[in-house]
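Student: Based on what follows, work out the 3D shape:
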Amino acid sequence: MILRRVARPLLASIFIFGGIGALRDAQGHAKAAEPFLTDSFDKLEGVIPEGLPRDPVTLVRIDAGVKIGAGLALATGKAPRLASLLLLGSLVPTTLAAHRFWEIKDPAERQQQQIQFIKNASLGGGLLLAAADTGGKPSLGWRARRAAKKAGKAAERVGKRAEKALPN
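Tutor: Okay, the predicted model is just below:
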């Protein structure tokens, strides 16, 4: 459908662009994310596996790679539902790290960050819609229920045939 061919690249474009920007200035993005990351790692001590990188620059680069890769996948229609979920998973911590408007005292800056926070929440809504979009095909849940129903009917038929074949 033409709508998906237009909407997916439009939705993906901000993630691809943002990922490229984060790679170009990983240090700057890491500096902005560091308070959030430190706070998160402190709160989740013992829950986060030891092997997970904790260096903000590394995490920014990983996040940028996810944004670029999943953004390109969404834009080209390759595994768009998975790509949307990956982008959503990347968007949440990015938003919480970069747009903490509730901590800002200056009214103008606070309002600007609040707008960016709401914009990202809106993008999250678009990603949820994209993740749920089956492209006009039945969902996996529907297909599983249908297959189970068919299997049940087939088993019932086999059972009836077996009853008829048994001697009285």
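
Student: Kindly report the domain assignment for the chain.
Tutor: 2-137, 140-168 (automatic domain parsing).

Student: between those domains, which gets the lowest average pLDDT?
Tutor: Mean pLDDT per stretch puts domain 140-168 lowest among the domains of the chain, at a mean of 86.

Student: what's near enough to touch Trp142?
Tutor: If you count contacts by C-beta atoms under 8 Å, 6 or more residues apart in numbering, Trp142 has none. Using the backbone N, CA and C atoms, a C-beta is placed for each residue, glycine as well.

Student: Thr134: which element?
Tutor: Using DSSP states H and E, Thr134 falls within no helix or strand.

Student: all helices for the chain, in order.
Tutor: 2-24, 26-43, 56-76, 80-98, 107-132, 140-165 (DSSP state H).

Student: Can you lay out those helices as JSON lines showing distance to Glu50?
Tutor: Converted to JSON lines, the helices of the chain look like this (distance: least, C-beta to C-beta, whole Å):
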{"stretch": "helix 2-24", "distance to Glu50": "25"}
{"stretch": "helix 26-43", "distance to Glu50": "12"}
{"stretch": "helix 56-76", "distance to Glu50": "15"}
{"stretch": "helix 80-98", "distance to Glu50": "20"}
{"stretch": "helix 107-132", "distance to Glu50": "30"}
{"stretch": "helix 140-165", "distance to Glu50": "35"}
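
Student: Thank you kindly, that will do.
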